[in-house]
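Participant: Pasting a predicted model and its sequence here:
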Amino acid sequence: MQRKVSAVAAGVGHVVPVSIVAGGGGILIDADGNSLIDLGSGIAVTGIGNSAPAVVEAVTHQVQQFTHACFTVTPYDGYVAVAEKLNSITPGDHEKRTALFNTGSEAVENAIKIARSFTGKHAVVVFDHAFHGRTNLTMSMTAKSMPYKDGFGPFAPDIYRVPTSYPFRDGLTGEEAARYSLLQIDKQVGASNLAAIVIEPIQGEGGFIEPAPGFLPALQDWATANGVVFILDEVQTGFSRTGDLFASNHETLVPDIITTGKGIAGGLPLAAVTGRAEIMDSPQPGGLGGTYAGNPIACAAALATIETYEKHNLAVRARQIGAVIDEVFFELANSDDRIGDVRGRGAMKAVEVVLPGSGDPDPSLTASVARFAADHGVVVLTCGTYGSVIRFLPPLTISDELLRDGLRVVVDGFRAHAPTTHVKENRP
Ligand code: PLZ
């Protein structure tokens, strides 16, 4: 850690002060030989587990063939195969095209380029609590100032932020929240200026906020009726994480463009933009790409990874994991009124920590519980605009036993920090 501090820029922070030397089976091993239970998957990346055998095999084979060619110079099959696969498994049976990139930010950024090229319009609507990345455009689309934007302006122009649906805090139905958001979009931006609406189907860094049913379909219907490209950012929610292959499947949404990343390639850097053929084919040849975009090793990993989700039915496993997390935290919520909300879908679950009585966010207790977990060998992440959400993103290959061990430590973290003895009535 001393070498890290001396050699690495301070802005590159860390959650747990360890040095990882190996990982697999829901465990990370540090340089001192400690085993940590991984409830974060490197922020929703290692869905099929760390160093998954199928990925190790595919990558080893590819690395022996060639490591790089640059797809926009001399194309190769792996990239095309990933594009074909994504075109077939993403929501909707319309004709699609895919472009590959290295990071989720790059995917979102390119989705905007494509939507602007197709519509000839410039404005982009995003939502409260959104996280779309750290590049200038995607940082501008991200809601939270500290730490993501503070001191990093000026920001990209023509980005407009409107309220989302946050059932725990706004108490609105999906239809009510959509009516209000669409009114703001119509009055403050206007469809004739608007290229795209971009939204995460369940917001990730913003607090695992799942909009009330009906909110997303209403946005999609309005976008379709008004010549606005509807973009779902599934970088964090994608690839079986929420109990469906994509979170869009839950409300049978069919986005014009979907961005994916994180869980796509078992830990290798890859991200994608997949969308309607007529939209995706709008930018001129040479307008999209990048030196490493769709690297052959990452593509080989992606093909093996996606096959693993399908073969092992990991979407079903994600739901089982979600049921275990629900069981543990609904039980805790019965006796601890600092648990304001238990929410999320599949293996993308979170607990919102509140001050009893007011229901205001409690970022201090949230941080203390996460620190307690880390000190006791469990990697758990926090999130939320108010820093008051503990989120669970375990690998979908984790055993029930390991999962319960890890969750027990988090529950102990609540008990260790002045637990309330007040027992609530009428709690589900
Ligand atoms: N869109 C929905 O969740 C990445 C990164 C957190 P990149 N979120 C985790 C951090 O500290 O940087 C994310 C996301 C959604 C886009 C991104 C950006 O993906 O691969 O990190 O660029």
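Facilitator: On my side now, so go ahead.

Participant: Just to check, Ala52 is in contact with Leu314?
Facilitator: No - with contact defined as Cβ atoms under 8 Å, Ala52 does not reach Leu314; the gap is 10.8 Å. To be clear about C-beta, it is placed using only N, CA and C from the backbone, and glycine gets the same treatment.

Participant: Pull up the overlap in contacts between these two.
Facilitator: Jointly contacting Ala52 and Leu314 under the rule Cβ atoms under 8 Å, 6 or more residues apart in numbering are Thr308, Thr397.

Participant: Look at the two and report which has more neighbours.
Facilitator: Shown here are Ala52 and Leu314; by other Cβ atoms under 10 Å, Leu314 has more neighbours (26 against 23).

Participant: how much space between that one and Ile306?
Facilitator: Using Cβ to Cβ, to the nearest Å, Leu314 is found at 10 Å from Ile306.

Participant: Repeat that for Met139.
Facilitator: For Met139, the distance to Ile306 - Cβ to Cβ - is 29 Å.

Participant: how many other residues sit next to Glu352?
Facilitator: Using other Cβ under 10 Å, Glu352 has 25 other residues around it.

Participant: surely it meets Gly384?
Facilitator: Yes - assessed by Cβ under 8 Å, Glu352 is found in contact with Gly384 at 7.1 Å.

Participant: State the number of residues packed around the residue of the stretch 101-250 of the chain found nearest the ligand.
Facilitator: The ligand sits closest to Gly104 of the stretch 101-250 of the chain, with a gap of 2.3 Å, by Cβ to the nearest ligand atom. Look at Gly104: counted by other Cβ under 10 Å, it has 29 neighbours.

Participant: from here on, count from 12
Facilitator: From this message on, residue numbering opens at 12, which makes the last subject Gly115.

Participant: could you list every residue that touches it?
Facilitator: Gly115 neighbours (Cβ under 8 Å, 6+ apart): His143, Gly144, Asp244, Val246, Gln247, Thr270, Gly272, Lys273, Ala282.

Participant: now do His79
Facilitator: Listed by Cβ under 8 Å, 6+ apart, the contact set of His79 reads Tyr303, Asn306, Pro307.

Participant: Just the ones of the residues you listed in strands?
Facilitator: Under the assignment DSSP state E, those contribute nothing to strands.

Participant: more neighbours, Met150 and Ile317?
Facilitator: Shown here are Met150 and Ile317; by other Cβ under 10 Å, Ile317 has more neighbours (22 against 19).

Participant: For the chain, just list every one of the helices.
Facilitator: Ranges of helices in the chain, per DSSP state H, are 13-18, 52-55, 64-76, 88-100, 115-130, 147-152, 178-181, 185-199, 226-236, 288-291, 307-322, 325-346, 374-386, 411-427.

Participant: Which one, of those helices, ends up nearest to Arg356?
Facilitator: Checking the helices of the chain against Arg356 by Cβ to Cβ gives helix 325-346 as the closest, at 6.5 Å.

Participant: Which residue lies closest in space to Gln231, excluding its sequence neighbours?
Facilitator: Phe241 (5.0 Å; Cβ to Cβ, 6 or more residues apart in numbering).

Participant: Got the domain ranges for this structure?
Facilitator: With domains defined by automatic domain parsing, the chain comprises 13-62+324-433, 65-322.

Participant: how about those domains in JSON lines, adding mean pLDDT?
Facilitator: Below are these laid out as JSON lines (pLDDT from 0 to 100):
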{"stretch": "domain 13-62+324-433", "mean pLDDT": "96"}
{"stretch": "domain 65-322", "mean pLDDT": "98"}
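
Participant: Please save the CA atoms from stretch 31-41 in CSV.
Facilitator: Taking Å, rounded to 0.1, in the frame of the first residue of the first chain, the C-alpha atoms of stretch 31-41 are listed here in CSV:
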residue,chain,number,x,y,z
ILE,A,31,-4.7,-9.1,-4.7
VAL,A,32,-2.7,-12.0,-6.0
ALA,A,33,-5.3,-14.6,-7.0
GLY,A,34,-9.1,-14.9,-7.3
GLY,A,35,-11.8,-17.5,-8.1
GLY,A,36,-14.9,-19.2,-6.7
GLY,A,37,-16.1,-16.0,-5.0
ILE,A,38,-12.8,-15.5,-3.1
LEU,A,39,-10.0,-13.0,-3.6
ILE,A,40,-6.6,-13.8,-2.1
ASP,A,41,-4.3,-11.0,-1.0
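
Participant: in that stretch, what's buried?
Facilitator: Using 16 or more other Cβ atoms under 10 Å as the test for burial, stretch 31-41 gives Gly34, Gly35, Gly37, Ile38, Leu39, Asp41.

Participant: Switch these over to CSV; also include distance to the ligand.
Facilitator: Output for the buried residues of stretch 31-41, formatted as CSV (distance: Cβ to the nearest ligand atom, whole Å):
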residue, distance to the ligand
Gly34, 18
Gly35, 22
Gly37, 20
Ile38, 22
Leu39, 18
Asp41, 21
